[in-house]
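[1] Starting from these lines, generate the structure:
(one chain, ligands or ions: 3)
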Amino acid sequence: MVIHDLSKQNSILNTFISEIRDVNIQKDSMRFRRNTERIGEILGYEMSKSLTFKPSKIETPLATCHMQLMEQDLVLCCILRASIPLHYGLLNYFDTAENAFISAYRRHKENPEDFEILVEYLACPNLDNKTLVLADPMLATGQSMLATFEALKPYGSPKAIHLISAIGTQEGVDFVNRNFPENAHLWIAAIDETLDDKNYIVPGLGDAGDLAFGKKLQH
Ligand SMILES: O=P(O)(O)OC[C@H]1O[C@H](OP(=O)(O)OP(=O)(O)O)[C@H](O)[C@@H]1O
Ligand SMILES: O=c1cc[nH]c(=O)[nH]1
Ligand SMILES: [Mg+2]
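    Ligands and ions are numbered 1, 2, ... in the order given. Have a look, this model is predicted:
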């Protein structure tokens, strides 16, 4: 896997990441969603530099202009719930992308350290020869990304795979690195130190789904 750790360069991305982490700014869920969307826009822009471009002709009012334009073959996969604003940020830039939606969520067992990933809802176009983009703001253990990838396999064989994430851990990054194809890319804005005993990222930001959309009842 090719890992693009965007925290290695300072940019305005740091500001948006710091705001989604900040316990006071987080109280404003609209700002949390908007910052996550802006992170999706920036990560999408960075990812676009690695996509396939082909020569194209544009007619201006004055002449023909030769440009390189992106192939329109993206499928953006939103991993419900927390990914919705990140996915929207990607869609802000990739106007013609097709979209997949999957509900991959943690169900905690009696011991809070133990959980399984449940996939219930899945809507996906054909993936053959497409560029598949899996978006999830949190890459904690990496299990949701892998469960999503496995669940999408019956929908076809993408020609390229990109993972987009705001905050991860080294453990999650190592896990996807081991379990995804070698030519897949990871675009990530921060890699944190560790996971706590409930598999939350530390320092992280807390529960991204709850911060964007409100607390859910555990069942
Ligand atoms: O890398 P992992 O260990 O799999 O953890 C990351 C997952 O956890 C969160 O989802 P959550 O289960 O909290 O669902 P939600 O989006 O509905 O809050 C997050 O949005 C990721 O999907
Ligand atoms: O730290 C974490 C880990 C998983 N999901 C979250 O929302 N936050
Ligand atoms: Mg959650």
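
[2] near ligand 1 at all, the one helix or strand residue 44 maps to?
    Assessed by DSSP states H and E, residue 44 sits inside helix 29-48. No - Helix 29-48 stays clear of ligand 1 (CB under 6 Å from any ligand atom), getting no nearer than 10.5 Å. Where you see a C-beta, it was placed from the backbone N, CA and C, and this is true even at glycine.

[3] After that helix, which helix or strand is next? Please name it.
    Counting by DSSP H and E, the next helix or strand C-terminal to helix 29-48 is strand 53-59.

[4] For ligand 1, see how far away residue 72 is.
    Residue 72 sits 27 Å away from ligand 1 when distances are taken as CB to the nearest ligand atom, to the nearest Å.

[5] The helix holding residue 44: which residues count as buried?
    32-44, 46-47 (16 or more other CB atoms under 10 Å).

[6] which other residues reach it?
    4, 6, 11-13, 16-17, 19-20, 25-26, 70, 84-90, 92-94, 133, 135, 137, 162, 164-166, 185, 187-189, 208, 211-214 (CB atoms under 8 Å, 6 or more residues apart in numbering).

[7] Filtering the residues you listed by proximity to ligand 1, which remain?
    residue 208.

[8] From residue 56, how far out is the residue lying closest to residue 58 once chain neighbours are set aside?
    Closest residue to residue 58 apart from its sequence neighbours, by CB to CB, 6 or more residues apart in numbering: residue 65 at 4.6 Å. As judged by CB to CB, to the nearest Å, residue 65 and residue 56 stand 9 Å apart.
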